[in-house]
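Undergrad: sequence first, then the predicted structure:
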Amino acid sequence: MESSSCSIPSKMKAWVYSQHGKPADVLKFESSRDVPRLKEDQVLIKVVAAGLNPVDFKRMLGVFPDSDSPLPSVPGYDVCGVVLKVGSQVRSLKEGDEVYGNINEKGLDHPKTSGTLAEFTVAEENLLALKPRNLGFVEAASIPLAIGTAYQGLEKTGLSSGQSILVLGGAGGVGTMVIQLAKHVFGASKVAATSSSAKLELLKSLGADLAIDYTKDNFEDLPEKFDVIYDTVGQSERAVKAIKEGGKVVTIEPVGELAEPAFRFILTSSGAMLEKLNPFLENGEVKPVIDPRGTFSFSQAPEAFSYLETGRVTGKIVIHPIP
């Protein structure tokens, strides 16, 4: 049985884009968009906070025309909120559960047109996990896509304990997670990472043994070479010069040329992966990193995207509160 829906409205507030372009130009506020319909394997979530990711504005710009969904679209992958209603096939979640997750299983394969930048969204049960007990909604909303991308990329490189890793773009949303997971989950013996001068201390606080200032040093000119390089910024040509023989370079930049032997991947989101990582979040070994400018209110979504587009965000930015 589906739970009662007497208290759930049929319309909601949402940010929507109906054409491609810069977020400041195409993102429009709608006060009465239809609440998305629930499928049998989904839950309806009252969105409390939504994390933003570069993929959101790249979709808006029209970077992925062949694999994107038709417009109009509500942006947003990351959600933290409260389950309001469950589909008839949902088994492990119930009304009132505080959940978080990335609502798009395949990040660039026709993502949902009803994203998380809205009062309500829907997601399949298998994409969600219970919110870590020690984290607030804003912190939890910052995590899913970044931690999933970090974890899956590290898995695909085969990083194992005792190996060294260099993280390019260590202060970004994915980079901050890669440093922490490499250290605390995968057991890397040495973690190096690049950032601008102002963010070197952050890298060290997250567990980097070596923080490299990219404004002063070229990492590929250092005498030290690495078993694994995790490239979050699209510098595979330089990265392949800094690996040991037989080393691995993974990049998450979805477009552009790749230098051999670097490889790219696109995240497959899963609630089981979040559940596996929840203990590291709950014991404080892996921490969410939110930009000093922190959270933007729902009405400030266009400004939040403009800031995200600068490429200068430390960690993540989150939209909160949502009406």
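TA: Yep, that arrived.

Undergrad: what sits against G315?
TA: 142, 171-173, 176, 288-291 (Cβ atoms under 8 Å, 6 or more residues apart in numbering). Where C-beta positions appear, they are placed from N, C-alpha and C, glycine not excepted.

Undergrad: so what touches stretch 123-135?
TA: 39, 41-43, 45, 79-80, 86-87, 89-93, 97-105, 137, 140, 143, 269-272, 274-275, 278, 281-282, 284, 288.

Undergrad: mind checking how far that stretch is from the chain centre?
TA: Using Cα atoms, centre = their mean, to the nearest Å, the mean C-alpha position of stretch 123-135 is found 14 Å from that of the whole chain.

Undergrad: beta partners for V318?
TA: Going by DSSP bridges, V318 is paired in beta bridges with G51, T295.

Undergrad: mind checking how far it is from A304?
TA: Separation of V318 from A304 (Cβ to Cβ, to the nearest Å) stands at 9 Å.

Undergrad: joint contacts of the two?
TA: In contact with both V318 and A304: 52, 296, using Cβ under 8 Å, 6+ apart.

Undergrad: of the contacts of G315, which belong to strands?
TA: With DSSP state E as the criterion, strands contain 290-291 from among the contacts of G315.

Undergrad: select from the contacts of G315 the one having the most neighbours.
TA: Of all the contacts of G315, T176 has the most neighbours under the rule other Cβ atoms under 10 Å, reaching 35 neighbours.

Undergrad: would you confirm that that residue contacts I147?
TA: No - applying Cβ atoms under 8 Å as the test, T176 and I147 come out as separate, 9.6 Å apart.

Undergrad: from the contact counts, what lies against the biggest helix by length in the chain?
TA: Longest among the helix segments of the chain by residue count, using DSSP state H, is helix 144-157. Helices and strands in packing contact with helix 144-157 are listed as strand 42-51, strand 78-86, strand 98-102, helix 173-184, strand 226-231, strand 243-251, helix 271-282; criterion 3 or more Cβ pairs under 8 Å, 6 or more residues apart in numbering; DSSP states H and E.

Undergrad: need the next SSE after the fourth one, C-terminal direction.
TA: Sequence-wise, the next helix or strand downstream of helix 173-184 (DSSP states H and E) is strand 190-195.

Undergrad: now that following strand - C-alpha only, PDB.
TA: Extracted C-alpha coordinates of strand 190-195, given in PDB (Å, rounded to 0.1, in the frame of the first residue of the first chain):
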ATOM      1  CA  LYS A 190      51.300   8.800   1.300                       C
ATOM      2  CA  VAL A 191      48.700  11.300   0.100                       C
ATOM      3  CA  ALA A 192      49.800  14.300  -1.800                       C
ATOM      4  CA  ALA A 193      47.400  17.000  -3.200                       C
ATOM      5  CA  THR A 194      47.500  20.200  -5.100                       C
ATOM      6  CA  SER A 195      45.700  23.500  -4.400                       C
END
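
Undergrad: tell me which strands and helices it is in contact with?
TA: Under the contact definition 3+ Cβ pairs under 8 Å, 6+ apart, strand 190-195 sits against strand 164-168, helix 173-184, helix 200-206, strand 210-213.

Undergrad: can you put the ones you listed in JSON lines and add mean pLDDT and distance to P132?
TA: As requested, the helices and strands packed on strand 190-195 are exported to JSON lines (pLDDT from 0 to 100; distance: least, Cβ to Cβ, whole Å):
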{"stretch": "strand 164-168", "mean pLDDT": "98", "distance to P132": "23"}
{"stretch": "helix 173-184", "mean pLDDT": "98", "distance to P132": "14"}
{"stretch": "helix 200-206", "mean pLDDT": "98", "distance to P132": "17"}
{"stretch": "strand 210-213", "mean pLDDT": "98", "distance to P132": "27"}
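
Undergrad: can I get the ones you listed in a markdown table including distance to K248?
TA: Formatted as a markdown table, the helices and strands packed on strand 190-195 follow (distance: least, Cβ to Cβ, whole Å):
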| stretch | distance to K248 |
| --- | --- |
| strand 164-168 | 9 |
| helix 173-184 | 13 |
| helix 200-206 | 21 |
| strand 210-213 | 19 |
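
Undergrad: out of these, which is closest to H20?
TA: Judged by Cβ to Cβ, the one of the helices and strands packed on strand 190-195 that comes nearest to H20 is helix 173-184, at 22.9 Å.

Undergrad: having no further points to raise, I will conclude here.
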